[in-house]
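Novice: give the three-dimensional model of this entry:
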Amino acid sequence: MAVQRNISYINKDFADYRSQLINFSQTYFPNTYSDFDNTSVGMMFIEQASYVGDVLSFYLDNQVQETFLQYARQNNNIFELAYMFGYKPKITGLATVDIDFYQLVPSKVQGSSTIPDYDYALFVGSNTSVSTRLGGNYIIEDSVDFSVSGSGDPTNVSIAQISAGEPTYYLLKKTRKATSGTISSTTFAFGDFQEFPTVDLVDNNISHIIDVFDSDGNEYFEVDYLAQELVFDSLKNTNTNDPNNYQNSGDAPYILKTKQVQNRFATRFKNPTTLQIQFGAGNPADTTEEITPNPDNVGLGLPFEKDKLTTAFSPTNFIFTNTYGTAPTNTTLTVRYLTGGGVTSNVPANSLIVPNTDGLKFLKSNLNNTTAQYIYDSFATNNPSAATGGQDGDSLLEIRQNTLSNFSTQLRNVTADDYLIRALSLPSRYGGISKAYIEKPQIQNTDADLDLYILTKNANNNLISTSNTLKNNLKTYLNQYRMIGDTISIKDAFVVNIGVEFEIITSPNFNNNEVLNNCITSLISYFRIDNWQINQPIILREITSILDNVPGTQTIKSVKINNKVGTNSGYSQYAYDIDGATQNGVIYPSLDPSIFEVKYPSDDIKGRIVTL
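Specialist: Have a look, this model is predicted:
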């Protein structure tokens, strides 16, 4: 009969396994083996078993750890867990800017007046790129036609040259919204039918997919999840497309429609450089239909139900299908996508002056060649204001925190923090919010329920006020998730620039310059703007502790925070009474939401070695 043995199941490392195996052998096999010397053959087998147990324990612990979002360390697992909780990590943030397009046109006499000759008007194709001399690339989505002008797309005309008191050339100007990035393209070949085919798009700083077409010209539409059958389709608001709405084309240049599509795909980032594209499992013989929801076709989609009173309908999937879209078969897909963005894409004003002229052409023929060449060479671009909204992708810590916050809201904005996280989750193609803070309005007699304060960064990673374009994008985005009775006012937070001056006494036998440089480096890291939030106070004790922990620091003699103000010196225009805001070693921010920023750390953080 087998002897019941006392076995320990709590050992986790090599030493515990080794000790337990030795104890086990001495207890149950005292007469069989007694040589436990480190050089014995028996100890070799005991230590080998301990080694195997230690390795298996490590991998078991590691696998369990990687299933928890808070503790996972592998990039792929963190991305997978984020998608599982419904959060889409941002790899890059695109900057936006208004670009002015210019060209000259000759004058002509019509009746008794001199007017521009629009026969020489140029046409700039959509997706035309404009770059800086250093290579920063921006793309316009809409084409530019200098020959037309309207309330929604005006052409500004000014006199460029005068001869004998009459204009000889006019200057035409149009403005377009541009987004940072470069359009790239790749192809994927598909063979025989298979369910849920998946391909990987590998590139740096992938923002989003622009479009996907197969060899026959059929378009595939991106959806949030493959069960989503309805997509939004924007239709140009013209008299031909919709005569009833054409009279409102100035307020609504596009008409929003919904249609059911079977050619669809979903995307997810596996890591910062790999975007996975997955298609459905349906037979490609199925046809794509456009359906307007009504009681008849919604009911037809529920053959298993007779009573509709308890059925949960989704506005994006009211037909209830198991195919999840069609799978591409025996075809080649061409995928166009946008790459770029980041903080470095926030180019300064007057820098986008190198247009790509590949899509530049005259719409009229039979023009004077000399004049046409002169007009063609006059084409120019410029951005009167700096680009804003460019932002680097989420760090692993930001993915963790944004995912945990995003999961609790389930895509609904109920609390003030829900709106805060939703603002920080603005899709990268619309710009990036660097700092956000939300609170109840301080003025009681206001129409808004909440005030949302935001800031973005420029190319130098400094905080700046957001542009109207970015605010409008945020407004449109939040409106999708806003509770019907909530009213939000989007405002700029205030930036208070500061400097730090400190005096320390060094310990004997330490190099004073090295200790001082290490102190300054530690403070630069502490005041890095990514570590600070709106309305975060400065705790002087934390600064003192940082300096105390630098090797070679004996005593902290003094620490002083100064306000740096003045646009002429490159600082914020907002002055702040640091001494008046200091209480019990804490410098509090103003009542109006603000953030402390060390704008020029190398110059604004200064230290000095003093003696006792």
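
Novice: for the rest of this, base every contact and every neighbour count on C-alpha atoms.
Specialist: Will do.

Novice: how much space separates L363 from K560?
Specialist: Computed with Cα to Cα, to the nearest Å, the distance linking L363 and K560 is 66 Å.

Novice: got the CA positions of stretch 146-162 in CSV?
Specialist: Written as CSV, here are the backbone C-alpha positions of stretch 146-162 (Å, rounded to 0.1, in the frame of the first residue of the first chain):
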residue,chain,number,x,y,z
PHE,A,146,-9.1,79.1,-57.7
SER,A,147,-11.8,79.6,-60.4
VAL,A,148,-14.7,79.2,-58.1
SER,A,149,-15.7,81.2,-55.0
GLY,A,150,-18.6,80.9,-52.5
SER,A,151,-19.5,81.6,-48.9
GLY,A,152,-18.2,78.2,-47.8
ASP,A,153,-15.0,78.5,-49.9
PRO,A,154,-14.2,82.1,-50.7
THR,A,155,-11.4,83.2,-53.0
ASN,A,156,-9.7,86.4,-51.8
VAL,A,157,-8.7,88.7,-54.6
SER,A,158,-6.2,91.5,-54.3
ILE,A,159,-4.2,93.6,-56.8
ALA,A,160,-0.7,92.4,-57.2
GLN,A,161,0.8,94.6,-59.9
ILE,A,162,-0.3,97.9,-61.5
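
Novice: just use 25 as the starting number from now, easier for me
Specialist: Okay, residue one is now 25; in that scheme the one you just asked about reads as stretch 170-186.

Novice: now do it: everything it contacts.
Specialist: Counting by Cα atoms under 8 Å, 6 or more residues apart in numbering, the neighbours of stretch 170-186 from elsewhere in the structure are 128, 142-143, 145-147, 191-198, 274-275, 277.

Novice: stretch 536-547 too?
Specialist: Residues lying outside stretch 536-547 but in contact with it, judged by Cα under 8 Å, 6+ apart, are 530, 567, 570-571, 574-577, 629-633.

Novice: could I have the buried ones of those as PyMOL selection syntax?
Specialist: Buried subset of the contacts of stretch 536-547, written as a PyMOL selection, criterion 16 or more other Cα atoms under 10 Å:
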select buried, resi 530+567+571+574+576+577+629+630+631+633
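
Novice: S58: which of the contacts of stretch 536-547 is nearest?
Specialist: Nearest to S58 among the contacts of stretch 536-547, counting by Cα to Cα, is P575 at 52.5 Å.

Novice: now that closest one. Nearest residue, chain neighbours left out?
Specialist: Excluding its sequence neighbours, the residue lying closest to P575 (Cα to Cα, 6 or more residues apart in numbering) is V539, at 7.0 Å.

Novice: partners of the host helix or strand of T199, with directions?
Specialist: Following DSSP states H and E, the helix or strand that holds T199 is strand 190-204. Taking DSSP bridges as the criterion, strand 190-204 forms sheet pairs with strand 120-134 (antiparallel), strand 161-164 (antiparallel), strand 180-187 (antiparallel).

Novice: nearest to Q397, out of the ones you listed?
Specialist: Closest to Q397 of the strands paired with strand 190-204, according to Cα to Cα: strand 120-134, at 11.0 Å.

Novice: mind checking the pLDDT average for the following helix or strand past that closest one?
Specialist: Next helix or strand after strand 120-134 toward the C-terminus (DSSP H and E): strand 137-140. For strand 137-140, mean pLDDT rounds to 90.

Novice: then stretch 108-115?
Specialist: Taken as a whole, stretch 108-115 has an average pLDDT of 85.

Novice: hmm, who's touching that stretch?
Specialist: Against stretch 108-115 from outside (Cα under 8 Å, 6+ apart): 103, 106-107, 229-231, 292-293, 296, 416-418, 423, 426-428, 430-431, 434, 449, 451-452.

Novice: hmm, which of the residues you listed are the buried ones?
Specialist: The buried subset of the contacts of stretch 108-115 (16+ other Cα under 10 Å) comprises 103, 106-107, 229-231, 292-293, 296, 416-418, 423, 426-428, 430, 449, 451-452.

Novice: would you confirm that N482 contacts S491?
Specialist: No. In this structure, N482 is not within contact of S491 by Cα atoms under 8 Å, at 11.4 Å.

Novice: A106 falls within a helix, correct?
Specialist: Yes. Checked against DSSP: H, G, I helix; E, B strand; the rest coil, A106 lies within a helix.

Novice: residues touching it, list them.
Specialist: For A106, the contacting residues are L93, K112, P113, I423, R424, T427, taking Cα under 8 Å, 6+ apart as the criterion.

Novice: which members of these are positioned in strands?
Specialist: Taking DSSP state E, every one of those sits outside strands.

Novice: export those residues as JSON lines, with columns for distance to S208.
Specialist: Written out in JSON lines, the entries for the contacts of A106 read as follows (distance: Cα to Cα, whole Å):
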{"residue": "L93", "distance to S208": "33"}
{"residue": "K112", "distance to S208": "22"}
{"residue": "P113", "distance to S208": "21"}
{"residue": "I423", "distance to S208": "26"}
{"residue": "R424", "distance to S208": "30"}
{"residue": "T427", "distance to S208": "29"}
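
Novice: and which of these is nearest to F217?
Specialist: Comparing those against F217 with Cα to Cα picks out K112 as the nearest, at 29.3 Å.

Novice: biggest helix in this structure by residues?
Specialist: Secondary structure assigned by DSSP state H gives helix 65-89 as the longest helix of the chain.

Novice: show me the contact partners of it.
Specialist: With Cα under 8 Å, 6+ apart as the criterion, helix 65-89 contacts 36-39, 41-42, 45-46, 59-62, 95-96.
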